[in-house]
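**Student:** Provided below for reference: sequence and predicted model.
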Amino acid sequence: MQLTRFYDDNLAQASFLLACEKSKKAAVIDPTVDVELYTRAAAAQKLTITHVLETHVHADFLSGGATLARATGAELCVSAEGDPKWGYDFGAIPDARKLRDGDAISLGTLTLRVLHTPGHTPEHVSYLVSDSTRGDTPAGALTGDFIFVGDVGRPDLLDKAAGAEGTMRAAAGMLYQSLQAFAGSQPEHLQLWPGHGAGSACGKALGAMPSSTLGYERLFNWALQTKSEDAFVQAVLTDQPPPPRYFADMKKRNRLGEVVQMPTAPAKLPGDSVGSALGGGATIVDTRPAKSYAAGHVPGTINIPFNKSFLNWAGAIIDPARDVILISESAAEAEKITRELAKIGLGKIRGHFLPDVIDSWKRTGASLETISQVSVRDIHGKPDSGTTIIDVRAPYEWSEGHIPGAIHIPLAELPGKAAELAAAGNPVAVHCKGGGRSSIAASILRAKGVAVVSNISEGFDGWAGAGFPVARDGASKQ
């Protein structure tokens with residue numbers, strides 16, 4: 001057995017190339033739209049991709065399953081379990097193989113046994129992998145978004161991202177039953193190859209290790225130590241972060257098995273056209289580092305620095321219906337960003353500016369905007385200044401402690417609340433844990449019309465580290 005793991009740091013997502021060493025037949029599990037990754041790897045290992053498998057209808061990235069199957073002539077295999085309303089649309093993918101619990105897929109000496117593991121989604125399946133040269137006992141399981149290292153897939157996305165309101169408690173109960181059945185029927189040595197790692201929005205507290213074993217997870221994964229279904233349901237639904245805006249669109253598109261082409265490099269736009277671009281309704285995303293943006297930027301642009309968290313926040317903030325124009329450090333970086341955005345279905349990239357757009361803007365006689373950076377001592381020393389303090393951290397962070405009197409608006413929800421804050425007319429100081437997310441938040445608030453915005457650059461860690469009062473009432477104020 002050969003197993004190659006492809007890990008996308010920006011998506012915190014893992015896909016796999018599984019092959020039989022004797023027959024050289026291979027399957028790809030949960031591919032992204034960057035399908036050349038898999039065809040290049042297969043060619044290098046002299047493998048033939050005969051099957052493309054998915055564990056479920058993904059919400060966090062645009063699936064490359066149908067694209068890869070088309071490119072290689074492989075059979076697309078997806079789950080036919082669960083409520084068909086939320087699963088795959090087989091009318092759109094009539095040639096796909098419908099997988100049911102207990103089905104088997106053969107790859108030479110390898111067998112992938114389909115195991116229905118609902119909870120994260122109703123149709124979710126895992127694949128138990130065995131090698132006949134070593135017996136029938138499964139050696140490992142490709143668990144998708146079922147079991148992660150240290151955590152499990154969140155069961156609330158169908159409710160919060162796909163519009164199936166009122167389903168998350170039942171889904172959490174299904175997840176508990178799936179976990180109990182899995183842990184009670186599989187061997188301790190079973191290797192677990194999950195579909196996500198630390199930083200994914202598909203769970204709360206995923207570990208960074210690339211794989212685990214069922215025995216290890218029994219010892220250290222909270223979800224496998226919770227013996228009461230009611231306690232599990234309460235725990236798994238508490239403090240889940242708001243799903244990024246793009247998740248709903250991904251659920252719809254991934255049901256249909258789209259064949260997708262990766263985009264070409266966006267055109268370089270002349271710097272003097274930035275004003276007309278803003279006036280035309282485009283979202284202009286300045287991808288420079290937060291410090292550079294804060295020191296001077298074109299009014300109306302938003303700042304999402306191009307780093308490891310870029311896709312998470314771009315997907316949460318950018319309206320997929322609007323044209324997007326980038327400000328990037330180079331043409332090569334603009335092309336890379338465009339390809340990254342395609343992975344989450346954001347394909348309306350209409351061009352890019354280089355950093356000299358700042359000089360072009362100044363030559364028109366217009367002023368640059370800046371984002372004021374303030375310290376925790378500045379805020380603590382002026383408790384009655386009339387400034388509204390916004391905490392954009394995740395719910396679990398807020399529950400563990402927050403600045404007294406602050407208002408909690410997770411960053412993913414801020415675009416929908418910004419107009420209300422602008423209408424209130426108060427100065428706003430925004431913070432997160434250490435200044436990164438709050439820099440993005442400050443740019444959104446200014447672009448949405450909040451007149452006076454400052455970033456508490458030391459964040460909550462700086463506040464708590466200074467010994468200032470911390471509230472732990474747990475309830476989120478909005």
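**Tutor:** Alright, I've got the coordinates.
**Student:** Tell me the confidence at residue 7?
**Tutor:** At residue 7, the model reports a pLDDT of 97.
**Student:** where does the protein dip in pLDDT?
**Tutor:** 383, 474-478 (pLDDT under 70).
**Student:** swap the cut-off to 80 and go again
**Tutor:** 162-164, 203-205, 381-385, 473-478 (pLDDT under 80).
**Student:** domains of it?
**Tutor:** For the chain, automatic domain parsing gives the domain ranges 2-254, 271-363, 372-465.
**Student:** all strands of the stretch 1-150 of the chain, in order?
**Tutor:** Secondary structure of the stretch 1-150 of the chain (DSSP state E, counting those that start in this stretch): strands located at 2-8, 13-19, 25-29, 48-53, 75-79, 97-99, 104-107, 110-116, 125-131, 140-144.
**Student:** would you list those strands in a markdown table and tack on distance to residue 449 and mean neighbour count?
**Tutor:** To be clear about C-beta, it is placed using only N, CA and C from the backbone, and glycine gets the same treatment. Conversion of these to a markdown table gives the following (distance: least, CB to CB, whole Å; neighbours: other CB atoms under 10 Å):
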| stretch | distance to residue 449 | mean neighbour count |
| --- | --- | --- |
| strand 2-8 | 35 | 15 |
| strand 13-19 | 35 | 24 |
| strand 25-29 | 46 | 25 |
| strand 48-53 | 47 | 23 |
| strand 75-79 | 45 | 23 |
| strand 97-99 | 50 | 17 |
| strand 104-107 | 54 | 16 |
| strand 110-116 | 49 | 21 |
| strand 125-131 | 47 | 24 |
| strand 140-144 | 42 | 27 |
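**Student:** Present those as a markdown table; the columns should include distance to residue 340.
**Tutor:** Conversion of the strands of the stretch 1-150 of the chain to a markdown table gives the following (distance: least, CB to CB, whole Å):
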| stretch | distance to residue 340 |
| --- | --- |
| strand 2-8 | 9 |
| strand 13-19 | 12 |
| strand 25-29 | 20 |
| strand 48-53 | 22 |
| strand 75-79 | 25 |
| strand 97-99 | 30 |
| strand 104-107 | 31 |
| strand 110-116 | 30 |
| strand 125-131 | 28 |
| strand 140-144 | 22 |
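**Student:** quick one, which of those is nearest to residue 173?
**Tutor:** strand 110-116 (15.1 Å; CB to CB).
**Student:** by contact count, what packs against the closest one?
**Tutor:** With contacts defined as 3 or more CB pairs under 8 Å, 6 or more residues apart in numbering; DSSP states H and E, strand 110-116 has these neighbours: strand 13-19, strand 104-107, strand 125-131.
**Student:** could you redo the last one with a cut-off of 6 Å?
**Tutor:** strand 104-107, strand 125-131 (3 or more CB pairs under 6 Å, 6 or more residues apart in numbering; DSSP states H and E).
**Student:** So what's the gap between the shortest one and the chain middle?
**Tutor:** In other words, strand 104-107. Put simply, strand 104-107 sits 30 Å off its chain's centre (CA atoms, centre = their mean, to the nearest Å).
**Student:** Over to stretch 203-223?
**Tutor:** On CA atoms, centre = their mean, the centre of stretch 203-223 falls 19 Å from the chain's centre.
**Student:** and if you look at stretch 21-33?
**Tutor:** With CA atoms, centre = their mean, you get 24 Å for stretch 21-33.
**Student:** which other helices and strands contact the longest helix seen in the chain?
**Tutor:** The longest helix of the chain (DSSP state H) is helix 168-185. With contacts taken as 3+ CB pairs under 6 Å, 6+ apart, helix 168-185 sits against helix 229-237.
**Student:** Burial check on residue 155, number of neighbours?
**Tutor:** Applying other CB atoms under 10 Å, we find 29 residues neighbouring residue 155.
**Student:** Now do the strands in the stretch 351-478 of the chain.
**Tutor:** Counting by DSSP E, counting those that start in this stretch, the strands of the stretch 351-478 of the chain are 372-374, 388-391, 407-408, 428-431, 453-456.
**Student:** Turn the ones you listed into JSON lines, including mean neighbour count and distance to residue 43.
**Tutor:** Shown next, in JSON lines, are the strands of the stretch 351-478 of the chain (neighbours: other CB atoms under 10 Å; distance: least, CB to CB, whole Å):
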{"stretch": "strand 372-374", "mean neighbour count": "16", "distance to residue 43": "50"}
{"stretch": "strand 388-391", "mean neighbour count": "22", "distance to residue 43": "50"}
{"stretch": "strand 407-408", "mean neighbour count": "18", "distance to residue 43": "50"}
{"stretch": "strand 428-431", "mean neighbour count": "28", "distance to residue 43": "49"}
{"stretch": "strand 453-456", "mean neighbour count": "24", "distance to residue 43": "48"}
